[in-house]
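Visitor: return a 3D structure for these sequence lines:
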Amino acid sequence: QAQLVESGGGLVQPGESLTLSCAASGFPLHFYDVGWFRQAPGKEREGVLCISRSGGSIFYDDSVKGRFTISRDNAKNTVYLQMNSLKPEDTAVYYCATDCPGRYYYEYWGQGTQVTVSS
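Guide: Numbering: from 1, shown residues only. Sure thing, here's the model as predicted:
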């Protein structure tokens, strides 16, 4: 069964770091640009970052510049979101999908992983 699975979320204190993983099974993730999205309580889902098939990064949220980085390991069929200097406003459910934010159709979405930043 082809699917995307996010992992790595959790509860952290402000200033700490987390690395989220977006692992694909049943299909080659390197065929796709991969986007990370997040949805905070009471808000719409928004795009955060995207990594192209060639490894280039595109930011969709200026608030994460300098703190978040995106990378991919094609051998592991996985895309990562490294989040440093986390802030309470980063609290959200984080999703990955097989294309960059702003598209009309995504072939695959993950189920989401909760990130909570709180002291």
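
Visitor: who's in contact with Ser85?
Guide: Gly15, Ser17, Arg67 (C-beta atoms under 8 Å, 6 or more residues apart in numbering). Glycine gets a C-beta too; all of them are placed from N, C-alpha and C.

Visitor: likewise for Pro101?
Guide: The neighbours of Pro101, taking C-beta under 8 Å, 6+ apart as the test, are Gly35, Phe37, Glu46, Gly47, Val48, Cys50, Tyr60.

Visitor: next: Thr78.
Guide: Residues in contact with Thr78 (C-beta under 8 Å, 6+ apart) are Ser21, Cys22, Ala23, Ala24, Leu29, Arg72.

Visitor: helix or strand for the third one, which one?
Guide: By that I understand Ala23. strand 18-25 (DSSP states H and E).

Visitor: now the last one
Guide: Secondary-structure assignment from DSSP H and E places Arg72 in strand 68-73.

Visitor: tilt between that strand and strand 18-25?
Guide: With axes from the mean of the first three to the mean of the last three C-alpha atoms, to 10 degrees applied, the angle from strand 68-73 to strand 18-25 works out at 30 degrees.
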